[in-house]
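In: Give the three-dimensional model of this entry:
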Amino acid sequence: MTAVEVVIAVHSESRPIERAVRSVLAAGKEARALVVVHGMPIEPIARRLEGLDGGRIRLIRHDDGRRSPAGPRNAGFTAAEGPYVSVLDSDDELDPEALDTALRRIEETGAEVCILPQRNAGGPQMETPLVRAGRARVLDVVRDRLFTRTGPLCVMPADLARDLMPLYDTRFRNGEDISASARIWAAHTCVYVRTDPGNVMHHDADDRVTSRGTLRLDDVLEAPTAIASDAWVGALSPMLRQSLAAKMIRVHLLGVLDRADVRDETEARLAQACLSAWLDVSRAATRGLSRSDRRVLDAVAVADPQRIRAALDARNAAGRLSRLMPRNPLRLLDRDGDLRRLLVYRAYRRAERG
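Out: Here you go, the predicted model:
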């Protein structure tokens, strides 16, 4: 019996699909790879996988005429036959025994979902979600900052994924996984152990864009801005809305602005619309941000591109006090503030040193 079926969407013959599939077979004794071939014939991918355990590999075709991975991933979750499902990018891989370990965590804790640790190949671990140090039981969405993890890289019941369909947001070419993960974390019990085996992210794909100045704000801010008005966001409790809004502003607005040049008033207004949308969700979302971050947001609020660029440059050159201290010193230890986050990182390092 297949315990976990891992959905891998592939849209190009250039992707190292063998590496991804091979890792799935090593990550769980009863795991199966469900390869969704997107917008191209199955045969070239099938030939690439010859020589692997064919009984644990299934290929299906999906063609929706879109350049988003949302459609094929949703199709994979719908077609999954195992009791649990997971997802893997076609150029990434899983650590050995990652799936078996996740299933064991679910059994030990009674959680519905196990979030997989994520690290860069040959590099450091990605510290999301930024949970309280030493937690190995069911997590609290707010206290353990689960919204800081974007993307449902996890092991979850197949029925849960199907109940949330469309899990991946088909409205967007980028950011299709933002609401997918947030909806899971908000409504279902989760466990996460950062030292467990997990997902290994590779950077050898030509279409992964990370450098400043190459991002189009109309593209990357579309999803974050639109999601703020979704009904499921409005149905969250005030604490959950604040936690989610804080993450969206920090990561999907400030983080994007740090990697993209705001060239004119049109782009400044896109940033302004995103900020306004999330402040409507929670006015308390920015209270833990540092003074330097708040100066950037002040510039965004008036849609002044020159002022935004100057505030970003000033933030990058700021001293530690400006990067840590919020405007209200009483918010210095705010859960979503920079000092509190820094203390969690240091707790992780102490634990690693034993």
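
In: measure the residue of the chain positioned farthest from its centre to residue 18 for me?
Out: Most distant from the centre of the chain: residue 51, at 32.7 Å, with distances by C-alpha atoms, centre = their mean. Using C-beta to C-beta, to the nearest Å, one obtains 9 Å as the distance from residue 51 to residue 18. From N, CA and C alone the C-beta is placed, and that goes for glycine too.

In: What of residue 256?
Out: Using C-beta to C-beta, we find residue 256 at a distance of 33 Å from residue 18.

In: And those two? Which one has more around it.
Out: residue 256 (19 against 14; other C-beta atoms under 10 Å).

In: residues in contact with that one?
Out: If a contact means C-beta atoms under 8 Å, 6 or more residues apart in numbering, then residue 256 has 215, 217, 220, 221, 224 as its contacts.

In: And the strands in the stretch 1-150 of the chain?
Out: 4-10, 31-38, 57-62, 84-87, 93-94, 113-115, 118-120, 125-126 (DSSP state E, counting those that start in this stretch).

In: Quick one: the strands in the stretch 151-300 of the chain, in order.
Out: Under DSSP E, counting those that start in this stretch, the stretch 151-300 of the chain gives strands at 154-157, 190-191, 199-201.

In: Redo these as TSV? Include distance to residue 229 and mean neighbour count.
Out: Output for these, formatted as TSV (distance: least, C-beta to C-beta, whole Å; neighbours: other C-beta atoms under 10 Å):
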stretch	distance to residue 229	mean neighbour count
strand 154-157	26	24
strand 190-191	26	25
strand 199-201	31	20
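
In: Low-confidence stretches in this structure?
Out: Applying pLDDT under 70 to the chain flags the ranges 1, 205-214, 354.

In: Okay, the residue nearest to the spatial centre of it and residue 65: tell me how far apart.
Out: Nearest to the mean C-alpha position of the chain, counting by C-alpha atoms, centre = their mean, stands residue 150 at 1.7 Å. Note on residue 150: its distance to residue 65, by C-beta to C-beta, is 26 Å.

In: what number of residues lie near residue 169?
Out: By other C-beta under 10 Å, 20 other residues sit near residue 169.

In: Kindly report the same for residue 65.
Out: When neighbours are counted by other C-beta under 10 Å, residue 65 registers 6.

In: buried sites along stretch 8-23?
Out: Neighbour counts using 16 or more other C-beta atoms under 10 Å place 8, 9, 10, 11, 12, 15, 16, 17, 20, 21, 22, 23 of stretch 8-23 among the buried residues.

In: Stretch 277-294 too?
Out: Residues of stretch 277-294 classed as buried by neighbour count (16+ other C-beta under 10 Å): 277-279, 281-282, 284-290, 292-294.

In: In the beta-sheet assignment, what are the partners of the closest residue in space to residue 23 that isn't next to it in sequence?
Out: Of all residues beyond its chain neighbours, the one nearest residue 23 is residue 93 (3.6 Å), with distances taken as C-beta to C-beta, 6 or more residues apart in numbering. Beta-bridge partners of residue 93, counted by DSSP bridges, are residue 200.
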